[in-house]
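Asks: got a predicted structure here, sequence first:
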Amino acid sequence: MDRTFVIVKPDGVERRLIGEIVARLERKQLSVVAAELRTIDRATAEQHYGEHAGKPFFNDLVAFITRSPALLLVIEGPGETFKVVRNLMGATNPKDSAPGTIRGDLAIEMGENLIHGSDSPEAAAREIALFFPNLA
Ligand code: IDP
Ligand code: MG
């Protein structure tokens, strides 16, 4: 089985969309294999989003992802799980995300786009290790 890392971001928890978002992953036949509601600390957020350090939106992004509890998830599927999740998420900017996707149906602002999913197998491994260091 193949794993990826997902965050229901603070806006998703605040809007009480945990159930809606997890249900969409489960209906696709993906499994939740680890889950924790956690307020992400600043250092972890900066490491997680390290590829965006120095970009104009970086400080807002770190403030957003740390502002209140997020649901951290390890998601498992039969293969290419990162890709399956990214397709369910929709495009980064909710104004471009297709209807039928999580962002396309439920979000409208780039800065409040509900969900993170790793963008490669390498990112999935790195992010799972960062957020769930005790997971085998
Ligand atoms: P992704 O979440 O679809 O992988 P990334 O490019 O990795 O998209 O960006 C990470 C997050 O940073 C996005 O989900 C979004 O919340 C935020 N973000 C990306 N680009 C912008 C931007 O141009 N303005 C504001 N926020 C942005
Ligand atoms: Mg990304």
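Replies: In hand now; what should we look at? Predicted model only: the values in this text are computed from it and were never measured. Ligands and ions are numbered 1, 2, ... in the order given.
Asks: chain neighbours aside, what residue packs nearest to the most centrally placed residue in the chain?
Replies: Nearest to the mean C-alpha position of the chain, by C-alpha atoms, centre = their mean, lies His116 at 2.0 Å. Distances taken as C-beta to C-beta, 6 or more residues apart in numbering put Ile7 closest to His116, at 4.0 Å, once the chain neighbours are dropped. C-beta: built from backbone N, CA, C; applies to glycine.
Asks: and that neighbour, how many neighbours?
Replies: By other C-beta atoms under 10 Å, the residues close to Ile7 number 22.
Asks: just confirm it is within a strand.
Replies: Yes - under DSSP: H, G, I helix; E, B strand; the rest coil, Ile7 sits within a strand.
Asks: quick check: it vs ligand 1, distance?
Replies: Separation of Ile7 from ligand 1 (C-beta to the nearest ligand atom, to the nearest Å): 9 Å.
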